[in-house]
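J.: My questions concern the predicted model and sequence given below.
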Amino acid sequence: MDCVQCNKKFCRENQSCGAEKFDAVNLQLDYRQPSNQLFVEAAAGLVDDGRAGTLSRLDEIIEFVKTIGYKKIGLAYCYGMEKEARELKNIFRYEGINLTTVSCTVGGLPQNFVNLSSCNLNVSCNPLGQASQLNEENTDFVILMGICLGHDILLQRNLRADFTTFVVKDRVFNHSPLQAVYQTVIHKSN
């Protein structure tokens, strides 16, 4: 399947293009599960009725947390974003939401402990420790903030809670990775 190369866009008119490999009947049954409907309805509430593009990602997360009724919220963050993590905690507190924060350096493990091919004794990121701590805290929703690529995968694989990403780390483009796409498009068109 290559949707970006499709010129007909039947899917935008509630029609199948015929290239799908999933079973639409089973998919519909899956969507009708109450646990899935809860998320579908909460997501729709953020964008339907002209709301698309009216809320920041932060506003969406806060509203989503309240709509779903999450009680124990975790924040897994990169230590390089500790100032922003502290501000986020203050914003959530103002909204009446308690936020458990866990830095990537939790546990203070040296890099050679985490990465068997490293001789470096400096502190390492510890995504498995972040996941373990958030699981032990019984979080039911976790926000990821600036976790390194690869570490984010380990963290997500090991979380028992639902999660979303608030910030994707991109040091070159001030944590706005789409800038790389826009810049590449601009250079190719010149």
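T.: Sure, I can see it. Numbers count the residues shown, from 1 in each chain.
J.: which regions of this structure sit below the pLDDT cut-off?
T.: Residues of the chain that meet the criterion pLDDT under 70 lie in 186-190.
J.: Spell out which helix or strand contains the spatially most central residue of it, please.
T.: Centroid-nearest residue in the chain: Thr165, 2.0 Å away (criterion: Cα atoms, centre = their mean). Using DSSP states H and E, Thr165 sits in strand 162-167.
J.: tell me which element Gln130 is part of?
T.: helix 127-136.
J.: Past that helix, which element shows up next along the chain?
T.: Past helix 127-136, the next helix or strand by DSSP H and E is strand 141-145.
J.: strand partners of that following strand, parallel vs antiparallel please.
T.: Strand 141-145 has the following strand partners under DSSP bridges: strand 73-77 (parallel), strand 162-167 (parallel).
J.: Out of those, flag the one nearest Asp59.
T.: Closest to Asp59 of the strands paired with strand 141-145, according to Cβ to Cβ: strand 162-167, at 11.5 Å. The C-beta positions use only the backbone N, C-alpha and C, and glycine is treated the same way.
J.: Break this structure down into its domains, please.
T.: Per automatic domain parsing, the domain ranges recorded for the chain read 11-54, 55-189.
J.: Out of those domains, which is the most enclosed?
T.: Mean neighbour count, computed with mean count of other Cβ atoms under 10 Å, is highest for domain 55-189 among these, reaching a mean of 16.
J.: And that one, how far out from the chain middle?
T.: 8 Å (Cα atoms, centre = their mean, to the nearest Å).
J.: Compare the domains of the chain and give me the one nearest Met1.
T.: That would be domain 11-54 among the domains of the chain, by Cβ to Cβ, at 5.0 Å.
J.: surely Glu82 meets Ser103?
T.: Yes. The criterion here is Cβ atoms under 8 Å, and Glu82 meets it with Ser103 at 6.8 Å.
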